[in-house]
Structure formats: structure tokens, C-alpha cells
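Novice: structure for the following, please:
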Amino acid sequence: MVTSLLAVARRHIILFGAAKFGAGLLVGFALGVYFLPILTAEDGLDSKALAQLEASAERSGTFTRDLAGSDAFHWGEGVVHVSRQRVWLDGRIAPGPDYRLYQTPTFVEDEAAFLAIRAPSFDIG
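Specialist: This next block holds a predicted model:
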């Protein structure tokens with residue numbers, strides 16, 4: 001009787017330990033995917049360099065968080081500037097592993113609207 005209870009307890013302890021280990025791996029992986037872009041991000045330009053670049057800007061636009069397509073993981077805020085050689089953001093965007101920049105013929109507020117006009121849009125990179 002005691003031997004069978006010990007066997008059941010041992011089996012449950014091993015299963016609980018394996019489940020706990022697996023959950024820890026999943027949580028660790030998810031945190032790594034989220035924080036890696038933050039930890040490896042390059043330093044931005046200082047204010048003097050930004051002021052020089054702003055003088056060469058031909059166009060500018062504003063990123064705001066209150067768009068229909070924005071959420072806790074997909075947002076941007078600040079001013080985007082465009083010159084003949086560069087495009088830069090004086091502001092912040094959500095950390096992410098892979099962003100693409102498109103020039104679109106019209107204003108886009110969410111993913112569905114972007115997918116509708118993706119064909120005539122130009123992928124900058």
C-alpha cells in the first residue's frame with residue numbers, strides 16, 4: 001500500500017516538475033522574443049544631429065498612437081521626416097523584430113486598409 005502510494009506520488013512529482021519546466025521554457029522564450037529587440041537596439045542620434053537632418057527634410061508626417069490599427073504591441077509616436085537620402089523618426093515605436101517601411105498613395109489607419117492598397121505602395125525597406 002505504502003509502496004504504491006509512493007509510486008503514484010513520485011510519478012505526479014515528476015509530471016509536475018516536467019510541466020513546470022516546460023512552462024518556464026515557454027515563458028522564457030516569449031520574454032526573450034519581446035525583450036531582445038529592446039536590448040540590442042542601437043543608440044539614436046543626438047539632438048544636434050537631428051537638428052541638422054531636419055534642415056534637409058523635404059516632407060514630414062506624424063505618428064500617433066490613437067489609430068484603429070494601434071494596440072499595446074503595434075504603435076508609433078513622433079514625427080517622421082523624409083529627405084532625398086534618408087527617412088527617420090524623431091519619436092518612438094513599439095519594439096519589434098522586423099519593421100517594413102512603405103510609401104502609400106493614401107493615408108492608412110489599419111492593416112485591412114493597408115492590404116487593400118499594398119499593390120501600388122512602394123516598399124522602402
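Novice: domains of this structure?
Specialist: Per the record, the chain has its domains at 1-41, 47-123, by automatic domain parsing.
Novice: name the stretch among those domains that sits most buried.
Specialist: Comparing the domains of the chain by mean neighbour count (mean count of other Cβ atoms under 10 Å), domain 47-123 comes out on top with a mean of 12. For every residue, glycine as well, the C-beta is placed using N, CA and C.
Novice: in the chain, where is pLDDT below threshold?
Specialist: Scanning the chain for pLDDT under 70 picks out 97.
Novice: so where do the helices sit in it?
Specialist: Here the chain has its helices, by DSSP state H, at 2-39, 47-56, 111-116.
Novice: quick one: closest of those to residue 81.
Specialist: Closest approach to residue 81 among the helices of the chain (Cβ to Cβ): helix 47-56, 6.2 Å.
Novice: packing partners for the closest one?
Specialist: Applying 3 or more Cβ pairs under 8 Å, 6 or more residues apart in numbering; DSSP states H and E, we find helix 47-56 packed against strand 87-93.
Novice: again, 7 Å this time
Specialist: Contact partners of helix 47-56 among helices and strands, from 3 or more Cβ pairs under 7 Å, 6 or more residues apart in numbering; DSSP states H and E: none.
Novice: that one vs strand 87-93, what angle?
Specialist: Helix 47-56 and strand 87-93 are oriented at 130 degrees to each other (axes from the mean of the first three to the mean of the last three Cα atoms, to 10 degrees).
Novice: distance check, the residue nearest the centre of the chain against residue 41.
Specialist: Geometric centre of the chain, nearest residue: residue 96, 2.2 Å, by Cα atoms, centre = their mean. Distance of residue 96 to residue 41, given as Cβ to Cβ, to the nearest Å: 11 Å.
Novice: also residue 13?
Specialist: Taking Cβ to Cβ, one finds residue 13 at 42 Å from residue 41.
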